[in-house]
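Visitor: Fold the stuff below for me.
(one chain, ligands or ions: 3)
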Amino acid sequence: MTGPTDNLRINGERLWDSLMEMAKVGPGIAGGNNRQTLTDSDREGRDLFKSWCEAAGMMLGVDKMGTMFATRPGTDPDALPVYVGSHLDTQPTGGKYDGVLGVLSGLEIIRSMNDLGIRTKHPIVVTNWTNEEGARFAPAMLASGVFAGAIPLEYAYDRKDPDGKSFGDELKRIGWLGDEEVGARKMHAYFEYHIEQGPILEAEAKQIGVVTHCQGLWWLEVTLTGREAHTGSTPMNLRVNAGLAMARILEMVQTVAMDSQPGAVGGVGQMFFTPNSRNVLPGKVVFSIDIRTPDLAKLNGMRARIEAEAAEIAEALGVGCAIEPVGHFDPVTFDPTLVERVRSAAERLGYSHMNIISGAGHDACWAAKVAPATMVMCPCVGGLSHNEAEEISPEWATAGADVLFHAVLETAEIAG
Ligand code: HGY
Ligand code: MN
Ligand code: MN
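Guide: Ligands and ions are numbered 1, 2, ... in the order given. So this is what the prediction gives:
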């Protein structure tokens, strides 16, 4: 099966306009977005996306995790659909393009097919996965993880945000609890277009990332138990200092990641002190360790070393230590046939390209467990993401969406 003719392109201006329109929903404080999952602004973004899908003639289905599936019918009702997805939820200080570019490029493909009068054998389903970020409710890629059968639905519903609100209650509250069984849908193939969120494509002056793999991940939630005491009157030798234990563990995570080079990362992004008062030694410190590498043995070795050394550090200070894995997926190899379609589309369209391993996790990582899946990437300025200053160019956005368009059409099979 060869790809479509090389004169097929999406409407880059319309895609950019839609990105800028969606960016107005749940604005941040520095030019980006704070459209966290299951908040009122997430609901507003979902409602806007739904209106656009319906205007493009698509039918919307929603599952019991709130994931949105907008379908453009194919000519063969028995043919499994080609899915094109990503996420509309953002980090609290997120950018305008992380996730959103993939969802709205899927919509742009449909809009372009409508303009060009293209029909395909397989239906095409544009997907907005709930809670890809995992910022409010851990873990990341929660809805796609339930869809792939890796995470139980009840576990997902019980996940709590820092204010103690549950995922299930918040999904109901915003009115996006759907009726479809999660994972009942079967996919012919899955594509996800995403900004790189790293510096490689820009540094190498490549327009397209042909994503062959994605690194694996562990999220380890550490709870340290000290003794609340006065920071002024408690002698140093009488302290049970959970804060000090946390600092030493943080330093150790950095050492483990550096010892695991090349191709490994480790760090901490979230931490809570209780009672979090300036002149009280913390009775409890809870923080989340994030480690990642494309190498499975190295990933599990890093986890084992961190758990062992954290226990030693805590014990030496008389601090209690409990570690709970709250997020995980093994390194992912994307489908070689689909990867080749992305590469040949970039060549046909005259876009520079290179193979790349995704540093960030994506819903495609779970989709790859249940269907042939792959990704397309575009550069981002300075490799910056999960920062309100996240930026891409309209040209970069358009090039990746063109490649996505061709790879999806080749897979969905143009029916004339
Ligand atoms: O954590 C991740 O890699 C993704 O941005 N949620
Ligand atoms: Mn993302
Ligand atoms: Mn993200």
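Visitor: gap between residue 78 and residue 186?
Guide: Distance of residue 78 to residue 186, computed by CB to CB, to the nearest Å: 11 Å. Using the backbone N, CA and C atoms, a C-beta is placed for each residue, glycine as well.
Visitor: what do you get for residue 247?
Guide: For residue 247 relative to residue 186 (CB to CB), the value is 49 Å.
Visitor: When these two are compared, which one has more neighbours?
Guide: The neighbour comparison of residue 247 against residue 186 (other CB atoms under 10 Å) goes to residue 247, with 13 against 10.
Visitor: Look through the chain and tell me its longest helix.
Guide: helix 296-316 (DSSP state H).
Visitor: if I look at the residue in the stretch 1-150 of the chain that ligand 1 sits nearest to, how far off is ligand 2?
Guide: Closest contact between the stretch 1-150 of the chain and ligand 1, by CB to the nearest ligand atom, is at residue 140 (3.7 Å). Distance of residue 140 to ligand 2, given as CB to the ion, to the nearest Å: 9 Å.
Visitor: for the nearest residue to that residue once chain neighbours are set aside, what are its contacts?
Guide: Leaving aside its sequence neighbours, residue 140 sits nearest to residue 134 (CB to CB, 6 or more residues apart in numbering; 3.0 Å). Going by CB atoms under 8 Å, 6 or more residues apart in numbering, residue 134 touches 140, 141, 142, 219, 327.
Visitor: any idea how far the spatially most central residue of the chain is from residue 92?
Guide: With distances taken as CA atoms, centre = their mean, residue 362 lies nearest the centre of the chain, 3.9 Å away. Distance of residue 362 to residue 92, computed by CB to CB: 19 Å.
Visitor: so what does the longest helix of the chain touch, helix or strand wise?
Guide: strand 216-225, helix 242-259, strand 284-293, strand 320-329 (3 or more CB pairs under 8 Å, 6 or more residues apart in numbering; DSSP states H and E).
Visitor: try 6 Å this time
Guide: Here helix 296-316 touches helix 242-259, strand 320-329, going by 3 or more CB pairs under 6 Å, 6 or more residues apart in numbering; DSSP states H and E.
Visitor: now the angle between strand 216-225 and it, please.
Guide: Angular relation of helix 296-316 and strand 216-225 on a 0 to 180 degree scale: 10 degrees, by axes from the mean of the first three to the mean of the last three CA atoms, to 10 degrees.
Visitor: I'd like the average pLDDT over helix 296-316.
Guide: Averaged across helix 296-316, pLDDT comes to 98.
Visitor: How about stretch 85-92?
Guide: Here the average pLDDT along stretch 85-92 is 98.
Visitor: thought residue 219 was touching residue 327?
Guide: Yes: at 3.2 Å, residue 219 counts as touching residue 327 under the criterion of CB atoms under 6 Å.
Visitor: anything in contact with each of those two?
Guide: residue 139 (CB atoms under 6 Å, 6 or more residues apart in numbering).
Visitor: list the contacts for the residue of the stretch 201-350 of the chain at minimum distance from ligand 2?
Guide: Residue of the stretch 201-350 of the chain nearest ligand 2, by CB to the ion: residue 214 (11.5 Å). By CB under 6 Å, 6+ apart, the contact list for residue 214 reads 332, 358, 365.
Visitor: Top of those residues by number of neighbours, please.
Guide: residue 365 (29 neighbours).
Visitor: pretty sure that residue is touching residue 328, no?
Guide: No: applying CB under 6 Å as the test, residue 365 and residue 328 come out as separate, 10.8 Å apart.
Visitor: who in the chain is up against ligand 1?
Guide: Residues of the chain found near ligand 1 (CB under 6 Å from any ligand atom) are 132, 133, 134, 140, 360, 361.
Visitor: Which of the residues you listed fall within strands?
Guide: When DSSP state E defines the strands, the subset of the residues of the chain next to ligand 1 inside them is empty.
Visitor: By neighbours, which of those wins?
Guide: residue 132 (29 neighbours).
Visitor: so what's that one closest to, chain neighbours aside?
Guide: residue 87 (3.4 Å).
Visitor: Same check on residue 62?
Guide: residue 178 (2.8 Å).
Visitor: Could you report the separation of that neighbour from residue 290?
Guide: For residue 178, the distance to residue 290 - CB to CB - is 30 Å.
Visitor: on that earlier part again, name the surrounding residues that touch the longest helix of the chain.
Guide: 216, 218, 245, 248-249, 252, 256, 260, 291, 293, 321, 323, 330-331.
Visitor: which residues touch the residue lying closest to residue 370 once chain neighbours are set aside?
Guide: Using CB to CB, 6+ apart and skipping residues adjacent in sequence, the residue nearest residue 370 is residue 148, 5.2 Å away. Applying CB under 6 Å, 6+ apart, we find residue 148 in contact with 366, 369, 370.
Visitor: Can you classify the second one as helix, strand or coil?
Guide: The assignment at residue 369 comes out as helix when based on DSSP: H, G, I helix; E, B strand; the rest coil.
Visitor: Could you number the chain from 23 rather than 1 from now on?
Guide: Sure, I'll start counting at 23 from here, so that last one is residue 391.
Visitor: Next one, pLDDT for it please.
Guide: 98.
Visitor: can you pull up the bridge partners for the residue of the stretch 223-372 of the chain closest to ligand 2?
Guide: residue 354, residue 380 (DSSP bridges).
Visitor: roughly how far apart are it and residue 278?
Guide: On the measure of CB to CB, residue 236 and residue 278 end up 21 Å apart.
Visitor: returning to what we had before: can you tell me which of the contacts of residue 170 has the most neighbours?
Guide: Neighbour counts for the contacts of residue 170 peak at residue 388, which has 27 neighbours (criterion: other CB under 10 Å).
Visitor: Can you name the helix or strand that it falls in?
Guide: helix 385-392 (DSSP states H and E).
Visitor: any bit of that helix sitting next to ligand 2?
Guide: No: interface with ligand 2: helix 385-392 contributes nothing (CB under 5 Å from the ion), its closest point being 8.1 Å away.
Visitor: Right, I'll leave it there.
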